[in-house]
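J.: quick check, what structure comes out for this input:
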Amino acid sequence: MDRLNSELYLQNCYIIQENERLRKKAQLLNQENQVLLSELKQKLSKSSAKNTKNSLPDLNISTNSNPPTSSSSRP
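T.: The predicted structure is shown next:
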């Protein structure tokens with residue numbers, strides 16, 4: 001019984017160490033992910049700002065070549 005208990009204790013210690021190693025790795029990956037997400041958001045906001053400036057309609061250009069007359073489909 002003592003031998004089995006010792007083996008289980010050693011397995012538990014190994015699992016705890018492995019868990020700690022994986023926790024640290026997950027933390028590093030999360031930090032890297034946050035940095036990449038921040039960079040992506042910055043690039044998208046810059047791109048969006050450029051597209052917004054370029055895609056603003058010119059309000060001085062008329063889209064309708066024949067303006068409506070007062071005798072249109074009103075009775």
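J.: helices of the protein, start to end?
T.: For the chain, the helices defined by DSSP state H cover 2-54.
J.: put the alpha carbons of stretch 7-17 into CSV.
T.: Extracted in CSV, the C-alpha atoms of stretch 7-17 (Å, rounded to 0.1, in the frame of the first residue of the first chain):
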residue,chain,number,x,y,z
GLU,A,7,3.9,6.0,-7.0
LEU,A,8,0.7,8.0,-7.0
TYR,A,9,2.4,10.8,-5.2
LEU,A,10,5.2,10.9,-7.8
GLN,A,11,2.7,10.9,-10.6
ASN,A,12,0.8,13.7,-8.9
CYS,A,13,4.1,15.7,-8.6
TYR,A,14,4.8,15.1,-12.3
ILE,A,15,1.2,16.3,-13.3
ILE,A,16,1.6,19.4,-11.2
GLN,A,17,4.9,20.3,-12.9
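J.: need the contact list for Asn19.
T.: Contact partners of Asn19, counting by CB atoms under 8 Å, 6 or more residues apart in numbering, are absent. Any C-beta I mention is one placed from the backbone N, CA and C, and that applies to glycine too.
J.: what's the distance between it and Gln42?
T.: Noted for Asn19: a distance of 35 Å to Gln42, by CB to CB, to the nearest Å.
J.: check Glu7 too.
T.: Relative to Gln42, Glu7 is positioned 53 Å away (CB to CB).
J.: pLDDT wise, what is Asp2 at?
T.: On the pLDDT scale, Asp2 is placed at 94.
J.: and the gap between it and Asn19?
T.: Between Asp2 and Asn19 the distance is 26 Å, computed by CB to CB.
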